[in-house]
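>>> Structure, please.
(chains A and B)
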Amino acid sequence: AQSVTQLDSQVPVFEEAPVELRCNYSSSVSVYLFWYVQYPNQGLQLLLKYLSGSTLVKGINGFEAEFNKSQTSFHLRKPSVHISDTAEYFCAVVMRGRGKLIFGQGTELSVKP
Amino acid sequence: DAGVIQSPRHEVTEMGQEVTLRCKPISGHDYLFWYRQTMMRGLELLIYFNNNVPIDDSGMPEDRFSAKMPNASFSTLKIQPSEPRDSAVYFCASSFGGATSTDTQYFGPGTRLTVL
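Reported below is the predicted structural model:
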């Protein structure tokens, strides 16, 4: 079975600082990896996804994530955050072709001026 | 495309009442998912359908919860009778799960349920 662990429940950061949100997964088969973002009082939106190929994936709003197979990690990064990036971020994994998405517990990113 | 549509957006009801949440998935998607989000438990998968057939309902908390998908464009999640601990945001999501699918799920805006 797959599982996802987001190592930080809350990450406070100042505006224009870099940020990394950590995600580790476990699975015995090939998986797809996703990051979703949830802004306050809204549904989840896809930020980026890793399917295959290049391990560095670029998403919307300047975010990127790197797939590291040996460390079973998929950390999300942004070199300079904005106030508008304040949201909850969810890492998720799905076994290829199986449909069932497993979410981590979420990381609350709080960007302060 | 209008995306995944959920109704109502907000529902306030009294304990013991029946609640029905509705979802219209994105046209052409063959998977539909119901999730529940609470502060205590985070985002939980309740049930999902493939081609209108329930595949995994292991996340449905108890018999008071039921879900149906009578056709490819409509699904309901019903709680009867409702209890205060059912208060949460309920999300519906859909995806295309074909042979070359990337399994990206698209979420609706959610229904915020409050049971008094």
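>>> Could you use CA atoms for every contact and neighbour count after this?
Fine.
>>> Where does pLDDT dip in chain B?
Chain B contains residues with pLDDT under 70 at B:1, B:98-103.
>>> Distance of the residue of it at minimum distance from chain A relative to B:E18?
Nearest residue of chain B to chain A (C-alpha to the nearest C-alpha) works out as B:P109 at 4.4 Å. Using C-alpha to C-alpha, to the nearest Å, we find B:P109 at a distance of 22 Å from B:E18.
>>> what about the two, which has more around it?
Using other C-alpha atoms under 10 Å in any protein chain shown, the more surrounded residue of B:P109 and B:E18 is B:P109, with 22 against 14.
>>> which ones are touching the residue nearest the centre of chain B?
For chain B, B:W34 is the residue whose C-alpha lies nearest the centre (C-alpha atoms, centre = their mean; 2.8 Å). The neighbours of B:W34, taking C-alpha atoms under 8 Å, 6 or more residues apart in numbering or on different chains as the test, are B:45-48, B:77, B:90-93.
>>> quick one: which of these has the most company?
Most surrounded of the contacts of B:W34: other C-alpha under 10 Å gives B:C92, at 31 neighbours.
>>> Is any residue of the least confident helix or strand in chain A by mean pLDDT near chain B?
Taking mean pLDDT, DSSP states H and E as the measure, the helix or strand of chain A with the lowest value is strand A:101-103, at a mean of 84. Yes. Strand A:101-103 reaches chain B (C-alpha under 8 Å from any C-alpha of the partner chain) through A:F103.
>>> And that strand, how far out from the chain middle?
Strand A:101-103 has its C-alpha centroid displaced from the chain centroid by 12 Å (C-alpha atoms, centre = their mean, to the nearest Å).
>>> That strand pairs with which strands?
strand A:87-95 (antiparallel) (DSSP bridges).
>>> Quick one: mean pLDDT for the partner strand?
For strand A:87-95, mean pLDDT rounds to 91.
>>> With just CA atoms, put that strand into CSV.
What follows is strand A:87-95, C-alpha atoms only, in CSV (Å, rounded to 0.1, in the frame of the first residue of the first chain):
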residue,chain,number,x,y,z
ALA,A,87,-2.5,28.3,1.7
GLU,A,88,-2.5,24.7,2.6
TYR,A,89,-0.4,22.4,0.4
PHE,A,90,-1.1,18.7,-0.1
CYS,A,91,1.3,16.1,-1.4
ALA,A,92,-0.4,13.1,-3.0
VAL,A,93,0.4,9.8,-4.7
VAL,A,94,-1.5,7.4,-6.9
MET,A,95,-0.6,4.0,-8.2
